[in-house]
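Q: model this:
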Amino acid sequence: MEKQIITRLTKNFEDYVHIEEEVEFWLARDLKDLLGYEQWRNFLSVIQKAKDSCKNAGNEVLDHFADVSKMVVLGSSSEREVQDIKLTQKMKNKLNIPQNRPMADFLPTVTIAAKNFATEITNFNVKKDNLQGEPKITDEHIKNNKRVRNVLLEDDIIPENLPAEEDIKKLERRVKKDEKTLEEKSRKRLR
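A: Reported below is the predicted structural model:
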């Protein structure tokens, strides 16, 4: 059971995308947690910097950052309205990623390694501490993502500011082609 929870918790940004009227967007509160921010107010300062960058790039801020509200369930099973922001941030366009391809295929290796490391720490601690139930495992996973993110930030590595890597599918094709070429050269030498 724990493995299934951990797998679900390691979903990438593509799993949190929403689509309305053929426009992809993410909710800022979802990204806050995925990026390892503990407090909404801290993440709002990041959003403000992104809005400033959007404006400085000559884009209409309201086209990419739409204020919305949503209802959340409290511990007492009552509901409360909270503020959120719809973000298009058109990262795929910024990074020249085809719209029909997942961003994960273009993630920098340091981002992939960090994500995998946080997941492995979670897997280890779930077994070591015999963590049971989704809330405890979720807390552990969030804690480890934050810790790993802090390691990156200490070295001035800001995952959301990194350029896209080479298309993984293109890289796979090139590796297969290179392997085939090496095999052919090896056969010729053996003759």
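Q: how distant is the longest helix along the chain from the center of its chain?
A: In the chain, with assignment by DSSP state H, the single longest helix is helix 168-190. Distance of helix 168-190 from its chain centroid, counting by CA atoms, centre = their mean, to the nearest Å, is 32 Å.
Q: show me what counts as buried in it.
A: Buried residues in helix 168-190, counted by 16 or more other CB atoms under 10 Å: none are found. For every residue, glycine as well, the C-beta is placed using N, CA and C.
Q: so how far is A28 from K136?
A: The spacing between K136 and A28, counted by CB to CB, to the nearest Å, is 26 Å.
Q: in the host helix or strand of E140, what's buried?
A: Element membership of E140 [criterion: DSSP states H and E] is helix 134-154. Applying a neighbour-count criterion of 16+ other CB under 10 Å, one finds 137-138, 140-146, 148-149, 152 buried in helix 134-154.
Q: next one: phi and psi at the residue lying closest to V151 once chain neighbours are set aside?
A: Excluding its sequence neighbours, the residue lying closest to V151 (CB to CB, 6 or more residues apart in numbering) is A114, at 7.6 Å. When read as degrees, to the nearest 10, the backbone of A114 gives phi -60, psi -40.
Q: wouldn't A114 be in contact with N150 here?
A: No: contact criterion CB atoms under 8 Å: A114 and N150 do not qualify, at 10.6 Å.
Q: export the buried residues of helix 134-154 to JSON lines and tack on pLDDT and distance to D129?
A: Formatted as JSON lines, the buried residues of helix 134-154 follow (pLDDT from 0 to 100; distance: CB to CB, whole Å):
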{"residue": "I137", "pLDDT": "79", "distance to D129": "10"}
{"residue": "T138", "pLDDT": "71", "distance to D129": "14"}
{"residue": "E140", "pLDDT": "84", "distance to D129": "8"}
{"residue": "H141", "pLDDT": "79", "distance to D129": "13"}
{"residue": "I142", "pLDDT": "76", "distance to D129": "15"}
{"residue": "K143", "pLDDT": "84", "distance to D129": "12"}
{"residue": "N144", "pLDDT": "85", "distance to D129": "12"}
{"residue": "N145", "pLDDT": "80", "distance to D129": "17"}
{"residue": "K146", "pLDDT": "82", "distance to D129": "18"}
{"residue": "V148", "pLDDT": "89", "distance to D129": "18"}
{"residue": "R149", "pLDDT": "84", "distance to D129": "21"}
{"residue": "L152", "pLDDT": "90", "distance to D129": "25"}
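Q: ok, of those residues, which one's closest to D33?
A: I142 (6.4 Å; CB to CB).
Q: now for that closest one: which residues touch it?
A: 33, 36 (CB atoms under 8 Å, 6 or more residues apart in numbering).
Q: same thing but 7 Å
A: I142 makes contacts with D33, as judged by CB atoms under 7 Å, 6 or more residues apart in numbering.
Q: and what of D167?
A: With CB under 7 Å, 6+ apart, D167 has these contacts: 105-106.
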